[in-house]
Each structure stands twice: as C-alpha cells, then as structure tokens.
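Colleague: Below: sequence and its predicted model.
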Amino acid sequence: MPDVLHGVGVGVGIVVAPLVKMGRPPELPSARPVVDNAAEAALASGALAAVSADLAARSLEASDPTASAVLDALSMIAADPTLSEQVEELIAARTDAPHALFNAFEGYRQMLTEAGGYLAERAGDLADIRDRVIAVVLGMPMPGIPTPGHPFVLAADDLSPADTSGIDTSVVLALVTERGGPTSHTAILARALGLPCIVACAGVMHIADGTIVGIDAGAGTVETDPSVDRRRALRAEADSIVAELGSLTGPGRTADGHPVGLLHNIGSVADLECVDHEHFEGVGLFRTEFLFLDREDAPTFEEQRAAYAAVLEAAHGKKVVVRTLDAGADKPLPFLEMHAEPNPALGVRGLRIGRARPEIIQLQLAALAAAVADVPGSDVWVMAPMVATVAEARWFSEQAHAAGLDTVGVMIEIPAAALRAGEMLDVVDFLSIGTNDLSQYTFAADRMEGTLTELLDPWQPALLSLIAMCAEAGIEHGKPVGICGESAADPALSTLFAGMGITSLSMSARSLPQVRRALSKRTLDECRQLVERALAAEDAALARDAVVNG
Amino acid sequence: MIQRTVTVGSTSGLHARPAAIFVKAAAALPVKVRLIVEGKKPVNAASMLAVLSLGATLGSEVVLEADEDEAGLGRAAVDQLAALLERDLDAGSTSA
C-alpha cells in the first residue's frame, strides 16, 4: 500500500513522474582553524572554477537566449578575478575557505543591494552563486533546480522567485513544497505556468529522490510509489481532466446556468494575443503600470491613447476594466518624485497619488476617453485602486465622468471600503475586489513576509465575510461586484464566490479553463450552501475543508 | 602608462549585456587593463563585479589604463576596449 501525503492543492491536474528534490542552501559550519593556506586557497578557487564551469555549460544548453545570457553572466561572476583575490587575502589572514567565500560574496552583495535598481536585482544572483560555491567546498549537493535529465516533479522546502526564474515546464511537470500556502510565490508561479501544484505538504522532503509519485492537485495528495495499476489509473484520470478542460466552452456558468463572468487579467495588449475569442468574455483587470515603469517622464497623452486603443481593439467590443495607475513608494516612478516611506504598503499609493497629483490621473482618464472614441463599439469600465472612503470614490467618479467615461468603479482592497460597500455603490457603478491587498490589510500581515502566509490564506473566514458583504451590497444595488485578486483563480473558491453573488472572476488566461470546469460542476444552490459552511468554519483550513471535501 | 578617456555608448550603460561583452573581452586580453571612473578606485576591467559596481551609464566618461610595454600590447588592448565601450552594445546582433 503506497503512502499518501496531504497538502493544499493549487489548480487541478494529475501527474505521475519521479520526484526530485531541490538542494537546500548549505548552512555555514562554525569556523575552523586553517593549517595549510595553499590547500585552503586551492579548495576555494577550485570551487569557484567548478561553479563557473557548471554555469557556463548550462548557458550553452539553455534554449532561451535571455536565460542563456543570464547564466553566462553568472558564470563570469563566479570566475571574477577581484572576487578570488579577496578570497585569497581572507584565507591568507587565516579564514577558512567557506567563511572566506561567504565574506567575499557578502561584501559585494551588500554593495549591490545599496546601489539599488538593476544592481540590487543582481544581489540575489550573488547569493545564489555563493550558495553553490559553498556547497561545493563543503561537498554538499548543489542548491537550485536539479537537472536529472528527464521530466520530474520538483519538490522543495519552499520556492523563491530566484529559485524559479529558470523553470522549464517541459521538464518540471509539477511542484510540491513542504511549506508555503495558497498565496505563496510557489502557488502564484504554478498558476502562471499552469503547473499542478501542492503546497504545505508535510513530509515531502523526506521522500527519496527518484521515487515515482502521483500528484493530484485537485485532491491535494501526493502518492508515493503507486503500483503499476494505480499509475495507469492516475494517468487515465489525468487524460480525462485534460480532455474535459479542452471540451468546456463558452461563458462561465454554474451547472444550472447561473452566469459568472470569466475575465482576463492583463498588463498590456500582448496578453490578449493568444486569446481564444470563442470563450473570451472580456478583461477584468487591465493594469496600466507598464506604460509608466522604467522611464524618467510620464507617458504622453498620445502614447497612452494609442496603448489603450490597442487593448480595446484586441478586445473586440468585449468589456475591458481599466485600473488607473497603481504606484507607491515600493514601486516608485521617477516623475512622481516620491520620497521614501517607512511603510510603503500603508503610504501614498494608488488613488492617493492621483489625489495628490490630479494632473496625472486626469491625463490618464482623458487618454482613455480618447481611446474609447478611437475604437467604436468598445466597452470600457474604469476603476481606481486603493480607495478607502466614499468621498474618495465620489472624487474619482467625478474625475472619470468629467473626462467623458461612463462606467466607473472602485477597487475594494481596504477593509474600510469593504465595510462601506453599499455606500460605495451609491456613488459608483461597480466594485472589483483585490483579494491580495484586502487580505494583507485585513490581517495586518505583510504579503512579503513569508512567515505570515497562514494569515494570508484566502480561505480565512474573516476575508470571506468581507467579500460576502461586498457581494450582498452588489445584489441590493443591482450592480456588479467582481474579484480580480489571486483567489479568483482558485477553482474551489470560485464556486464559493458564485454562491455569494459575485458576478465575475478575473485571472490569468492559464487559470480560466479549470475555474470554468469547477463552476460547471455545481448548481447555484449548492454554491450557496458552500458559502454557509465556509463562513461557519472556525479557521481557513476548516473553511477549505468544508468546501473541498464537504 | 597608457591612458585613454572614452564615453560609454551603450544605451543601458555598463550593465547587463554590455558589461558582459566588455568584461569578456577584457578577460581575453594578454595584459591587465584598469577601468577608472572619477572619484572611484581603479578596477580590473576583467572583473564583472568591479565593473558593475562602477555604475557607468550612457554618456559616462571613463578612463582605460594599461602599463606600457615594448610589444605595444597595452596600447592595443586599451584601443580595442575603447572601441567596444564607445559602441552601443545593446544594439546589434546577439552573436557576441
């Protein structure tokens, strides 16, 4: 009888493949006395050369030119003469090889971090090279994504963006992590890549490398060493899910035909290039930041007008919900001349910038209105991020109407706004809930703080209560209330949201088929019963359990 | 001592791809070339980390420096690297 491990599944899909664990970063042992300087220096320089050669070889193998160039640059850093000189000096001063390497890398890492911008991004690369070199010196397995030479299920303690930058989905078939939660980087990445994934799966790092596992993301289970018959059954089920996902068509609806709009989150017109117009219901979140990033001056009226018109053209008359500029001290724009804030998440961001610098938001709204005029038959909805009060919503609505835009809404990301959802709908036409920020502000838990993922679980009953309040307000006012956060892409949550009366869910294109499938399996009445059970649950795990297994 | 002042011609400055091309060329030379940005310590042009840390951007004036030698290797090295620095290494083919 094979063992079954349980975790929290992300998405759907079944995979049967060997499991390979990601190497952990080595822990630095306590310092030891250096007896032979020359031998110690040779140990360090040998490790640097080995890592440099490994990275250079991987650069040659990489099919993607960008990935190849990054690996080549990393290889050159490992072979850096200044770095090795410093290591030698430290060893000459009787520091052992692991500590000499660590200290030399750390000096550069701090310098790059302080320099900011592009250089700060390279600081993470340095930590990665450092861990590799130290692993070689200590005779430990290389950290990073393994390259066993065959497709596999990647298991890790947890995955960071640096770990996963080079994931090749033709080789990595599924992700399983010991820690993490449904909103952790691993889960977000898995959704973006369309990979089956299980997070918070205790015990997975104790499975031996190469063990065949059966991953069922829908059930949240990892079966170790399934029998030949069981493997065959799992593969047949995997095929039927793929076939079913492919065969479901048309707009989102429950089993009894209650419509739930399934919309796309996009960052630019490029995200609409591969859209299947047979299923396309519109864009639920068009992030306009891309126009503003990485530049000294604000984009001009004409520049913005052309970019918005391109998206409206590509949407073929379907609804496009445009979010006005969402910047803050954590994603600063030079022309906003923002000063550093001790707590950017709670600072001057989103609509707050718009109110402080009205000319920026006015220009954006005017350009959007011009784009609407350029593309006859387009259906544009505009909304503001980071709205806290009804007065702010009214101000934004007035600005948008003055620019000539008719359908105006606000995002619900701040609990204060959710608590006044009804009053918000007195002054605007629709609400769109950004669950990621709503979660962080409701639980006073930083999204970037890895140890707080439990509080940020989208199944937290308090978060679900706030969403349900907004949905009820929408029903009372007869106005749409959608969700555009990460949790909109969770198939199980989608049925819950349908039961609350949420009118649309917006997500990345990859997640749409599985959400469409999940909705099609439940009637609206069943969805409503799920809401009662989830809201009655004491905590996130029980709420999830009540919906998934209840 | 051979010295030559050059203006960085790469759009992204001496970062990313241009830095990689430059450092690779410097590392392949038979002599050591130093790169100097005013107000900072001279660095080894073959050191990726040191070159990155200079933070040279498009239009920055930098000095290339090598020791004199009878065969003229230092002069040739400085000239070769100067030609690279002046070009826009962000543009053009990816064959480098």
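Modeller: Looks like it arrived, so ask away.

Colleague: Show me the shaky parts of chain B.
Modeller: Chain B contains residues with pLDDT under 70 at B:92-96.

Colleague: which residues in it form helices?
Modeller: Per DSSP state H, chain B carries helices over the ranges B:16-27, B:48-54, B:73-86.

Colleague: residues in chain B within reach of chain A, list them.
Modeller: B:15-17, B:19-20, B:23-24, B:27, B:43-44, B:46-50, B:52-53, B:55, B:94 (Cβ under 8 Å from any Cβ of the partner chain). (Glycine included, C-beta is placed from N, CA and C.)

Colleague: Select only the buried ones of these in ChimeraX?
Modeller: Selection of buried members from these for ChimeraX, criterion 16 or more other Cβ atoms under 10 Å in any protein chain shown:
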select /B:15,16,17,19,20,23,24,27,43,44,46,47,48,49,50,52,53,55
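
Colleague: for the helices of chain B, which one sits closest to B:L64?
Modeller: helix B:73-86 (4.7 Å; Cβ to Cβ).

Colleague: what's that closest one in contact with?
Modeller: Contact with helix B:73-86 is made by B:2-4, B:6-10, B:14, B:21-22, B:25-26, B:29-31, B:33, B:45, B:62, B:64-68, as judged by Cβ atoms under 8 Å, 6 or more residues apart in numbering or on different chains.

Colleague: is it true that A:G180 touches A:L189?
Modeller: No. Using Cβ atoms under 8 Å, A:G180 makes no contact with A:L189, being 10.4 Å away.

Colleague: quick one: which of the two has more around it?
Modeller: The neighbour comparison of A:G180 against A:L189 (other Cβ atoms under 10 Å in any protein chain shown) goes to A:G180, with 26 against 20.

Colleague: hang on, that one in a helix?
Modeller: No. Counting by DSSP: H, G, I helix; E, B strand; the rest coil, A:G180 is not part of a helix but coil.

Colleague: Point me to the residue of chain A nearest chain B.
Modeller: A:T82 (3.8 Å; Cβ to the nearest Cβ).

Colleague: what's that residue in contact with, if anything?
Modeller: Applying Cβ under 8 Å, 6+ apart, we find A:T82 in contact with B:43-44, B:47, B:49-50.

Colleague: of the contacts of helix B:73-86, buried ones?
Modeller: For these, buried by 16+ other Cβ under 10 Å: B:2, B:6, B:8-10, B:14, B:21-22, B:25-26, B:29, B:31, B:33, B:45, B:62, B:64-66.

Colleague: rewinding a little: now do the shared contacts for A:G180 and A:L189.
Modeller: A:L159.

Colleague: How about the residue in chain B that chain A sits nearest to, nearest residue that isn't a chain neighbour?
Modeller: Nearest to chain A in chain B, going by Cβ to the nearest Cβ, is B:S47, at a distance of 3.8 Å. Leaving out its chain neighbours, the residue that sits closest to B:S47 by Cβ to Cβ, 6 or more residues apart in numbering or on different chains is A:T82, at 3.8 Å.

Colleague: you'd agree that neighbour is in a helix?
Modeller: Yes. Assessed by three-state DSSP, A:T82 belongs to a helix.

Colleague: Pull up the gap between it and A:G354, please.
Modeller: Look at A:T82 and A:G354: by Cβ to Cβ, to the nearest Å, they are 46 Å apart.

Colleague: Please apply the same query to A:H401.
Modeller: Applying Cβ to Cβ to A:H401 and A:G354 gives a distance of 15 Å.

Colleague: For the two, indicate the residue with more neighbours.
Modeller: Here A:H401 and A:G354 are compared on neighbour count by other Cβ under 10 Å; more neighbours surround A:G354, at 25 against 12.

Colleague: Surely the more buried one is in contact with A:T324?
Modeller: Yes. Using Cβ under 8 Å as the test, A:G354 is close enough to A:T324 to be in contact (6.5 Å).

Colleague: Find residues that contact each of the two.
Modeller: Taking Cβ under 8 Å, 6+ apart as the contact rule, A:G354 and A:T324 both touch A:361, A:384, A:396.

Colleague: Checking the last one next. Helix, strand or coil?
Modeller: In other words, A:F396. helix.

Colleague: give me the number of residues near it?
Modeller: 26.

Colleague: Tell me which residues touch it, please.
Modeller: For A:F396, the contacting residues are A:324, A:351, A:354, A:384, A:387, A:408, A:410, A:428, by Cβ under 8 Å, 6+ apart.
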